[in-house]
Structures are given as C-alpha cells and as structure tokens.
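J.: No letters, just coordinates:
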C-alpha cells in the first residue's frame, strides 16, 4: 500500500512538472512570436492596442480604452482621461435631445435650404466625397455648389461669402457650401452657426450642418498613403519612412481632427485650453449645432443617403465611391503604428473620436447592458 501511495505521489509530481514546462514553452512562444511589420491590409482591431491611454491601468496588462473605462466604472470611477469628464451627461441623455435626431420626419424632405459640410477624410476618399456633392448640381435643378480650393481664389473673406450665399435662398433652391477650405475661420462656433440658421429659417428653409470624422488610426494611414503617392515615382521608400517616423514622432505630421474642427489648425488657439476642455467644447457644439455627425466607415455611416433623405435631391447613386489609391507595396512598421497611436493621444483625437463614436454611433451600447 505504501508503494502504491508513493507511486501516486510520483505521478502527481511528474504531471505538475509537465504542466509547468508546457506553460513556460507557451509563454516563450508568445514572447518570441513578434511581428515587426504590418502590411497595408491591416485589421485595425489588431493594432488598436497602440491607442492605450498613457496613464496607470487597473491591471498590469495592455487594455483598450473602452475596457479601461469599463474597469474604471467597476472600480467606482467614471472613466480614464478626458473622456471621463465628457461622456457622463451624454450617457444618460435621451437620443431625442441630440440635434442629429431632431428631425421632423413628417416634414421631410425639406423643400429648400443650405447644406454646410466639412470632413476630415485625407486623400482620395475626401476628394471623392466632394465630387459626389458637386455632382448633385448636375443631377438636380436649382442647386449650387460653393468651394474655394485656395486662399488666392477668394475675393472676399469666406465667412462673408457664406453670409452672402445664405442671405437669399429660393423657395425650391439648395445651396451646398464646402467649408473644408476657408480663410482661417472655424465654423465650430455655436453663436455663428445659430445666426446662420436663424437667417435661413426666416426664409422658411433649413440649414443642414454636417461633419464627417475618421477613426484616428485610419486617419493616419490615409494621410501616410496620400503622402507616399504625392512623393511620386522618384520617392525613396527608406527616406520616406524616416521622414514619417520623425514627423509622426514629433506629433506634427498633420493637423489633428479635434484641432481642425475647433481651431482650424491653430495650435496657439488650442494651447489656451486643456485637452479636457477642448473635447468637452467640441462635443457640446456637435450636440447643439450639427445635424449630421458621422465617422467614415462606421456601420450606418452613409453620408450620401442621409443628404438625399433630408433634401429630396436626386443622385445616380446613394453610395460615395471608395478610394482606390495603391499603396505601392508600402509596409508599416509596428513602431510607426505605435507612434500613430501616441500622436492621436497627444493631439486629443483618440479621446475625442471615442466620445463621438459613443454618442453618435452608440459604440459602447453593449457596456451599458452589462
């Protein structure tokens, strides 16, 4: 009997050693299986760990911002970073109080008005959106399109141009105004937008304000892709990579969407506010004054369909053509993707787009049910 117990003990010890070795081997494999580069066909969900907020997490592991927020709530807090001060009021706010849903479906389509739109889609994708909007002029009567491509084209300041355009709107007329290129004025201004809205509504027409943002990682990739195309056939890929690494690392490769929306790229103006204040200011303006707020590529984010629904205008297609720029074999290093994430956190885009996704695309709905 003693020998039998001894045999059992030895078997248990051997099994424990085997399990321990297996675990160590598994850990070693995970540690050595390091991917140094990412191809252009990136699954964005696989690289979002680069957007982790640079502050202590609740556990000593890499956690996505959404999960950080959930863990913080469980720990008695309202969430990490600037988002914690922005989201609580919106979380409990009825969808009916958000301007985007304050549309009287019984009055649609509106018979006349002004569409003031802006977007932050870099490269060909943004060009194709502008092209679709401009084509509405050819597909419909009594539609005009205003777009200034450079400062030199402006005979009068852009704000004055808009006020001239909206001062007289026909009873069956639509005016489309692209606010992408202007004279330095930001239209993320509640007082100014309300003034324009009042002017148009006094003519029994409607102002439709709209803005389209882009996921921060997608925004960086689109910018990089376009920069590489602009570089031309003579572009040296190693020099291009070094340039991008330096500019992205410095955080000034391009203007962030939060800065672009609020301050039109004016870094000095943005420096007057904390990041929390900037994000909160942007979210309040979106809620109060913007009718269409979308993130390019998000489910249900069909800008063309929404414009046609509100205006009754006709188009050959309710889908905006997708960009087709070739990457030329460009490969992103893991270090560059990481720098993308750090730049988005530094300029506020990571937290800002988190908030926009939650409020306008209900991206955290599942967390509210848990």
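T.: Happy to help now that I have it. Note that the structure is a prediction, hence the values are computed from the model and not measured.

J.: Give me the number of neighbouring residues for the residue nearest to residue 247 when sequence neighbours are not counted.
T.: Nearest in space to residue 247, with sequence neighbours left out and distances taken as CB to CB, 6 or more residues apart in numbering, is residue 253 at 3.9 Å. The way it works is simple: take the backbone N, C-alpha and C, and place the C-beta from them, glycine included. Around residue 253 there are 20 other residues, counting by other CB atoms under 10 Å.

J.: Now residue 206. Its backbone dihedrals?
T.: Taking degrees, to the nearest 10, you get phi -130, psi 140 for the backbone angles of residue 206.

J.: That one and residue 196, how far apart?
T.: According to CB to CB, to the nearest Å, residue 206 and residue 196 sit 11 Å apart.

J.: Between those two, which contacts overlap?
T.: Between them, residue 206 and residue 196 share the neighbouring residues residue 114, with contact defined by CB atoms under 8 Å, 6 or more residues apart in numbering.

J.: what's the domain layout of the chain?
T.: Each structural domain of the chain that the record assigns through automatic domain parsing is listed here as a residue range: 1-34, 95-368.

J.: any idea which of these is most buried?
T.: Comparing the domains of the chain by mean neighbour count (mean count of other CB atoms under 10 Å), domain 95-368 comes out on top with a mean of 17.

J.: For that domain, what does the pLDDT average out to?
T.: If you average the pLDDT over domain 95-368, you get 86.

J.: Show me what residue 174 is bridged to.
T.: residue 113, residue 143 (DSSP bridges).

J.: Next up, the contacts around it.
T.: Under the criterion of CB under 8 Å, 6+ apart, the neighbours of residue 174 are 112-115, 136, 140, 142-144, 311, 313.

J.: just these now: which is nearest residue 282?
T.: Among those, residue 115 lies closest to residue 282 (CB to CB), at 21.0 Å.

J.: That closest one falls within a strand, correct?
T.: Yes - when the secondary structure is assigned by DSSP: H, G, I helix; E, B strand; the rest coil, residue 115 falls within a strand.

J.: Now do it against residue 209, distance only.
T.: Going from residue 115 to residue 209 by CB to CB gives 8 Å.

J.: just residue 257 next, same as before
T.: As judged by CB to CB, residue 257 and residue 209 stand 16 Å apart.

J.: just residue 116 next, same as before
T.: Counting by CB to CB, the gap between residue 116 and residue 209 amounts to 5 Å.

J.: Repeat that for residue 332.
T.: Spatial separation of residue 332 from residue 209 under the definition CB to CB is 35 Å.

J.: do the same with residue 145
T.: To residue 209, residue 145 is 16 Å away according to CB to CB.

J.: and if you look at residue 142?
T.: Using CB to CB, which is the criterion applied here, residue 142 is 21 Å from residue 209.

J.: Please apply the same query to residue 188.
T.: When CB to CB is the yardstick, residue 188 and residue 209 sit 10 Å from each other.

J.: As a check, name the ranges of all helices in the stretch 201-350 of the chain.
T.: In chain order, the stretch 201-350 of the chain shows helices spanning 216-231, 237-250, 257-263, 267-270, 275-289, 303-311, 334-346, 349-361, with DSSP state H, counting those that start in this stretch as the criterion.

J.: okay if I get these as CSV plus distance to residue 320?
T.: Putting these into CSV (distance: least, CB to CB, whole Å) gives the following:
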stretch, distance to residue 320
helix 216-231, 15
helix 237-250, 28
helix 257-263, 19
helix 267-270, 30
helix 275-289, 21
helix 303-311, 5
helix 334-346, 24
helix 349-361, 18
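
J.: Any idea which of those gets closest to residue 168?
T.: Each of the helices of the stretch 201-350 of the chain was checked against residue 168 via CB to CB, and the shortest separation belongs to helix 303-311, namely 18.4 Å.

J.: In contact with the nearest residue to residue 288 once chain neighbours are set aside: list those residues for me.
T.: Nearest residue to residue 288, sequence neighbours excluded (CB to CB, 6+ apart): residue 190, at 5.4 Å. Contacts of residue 190 were listed using CB under 8 Å, 6+ apart, and they are 284-285, 288-289.
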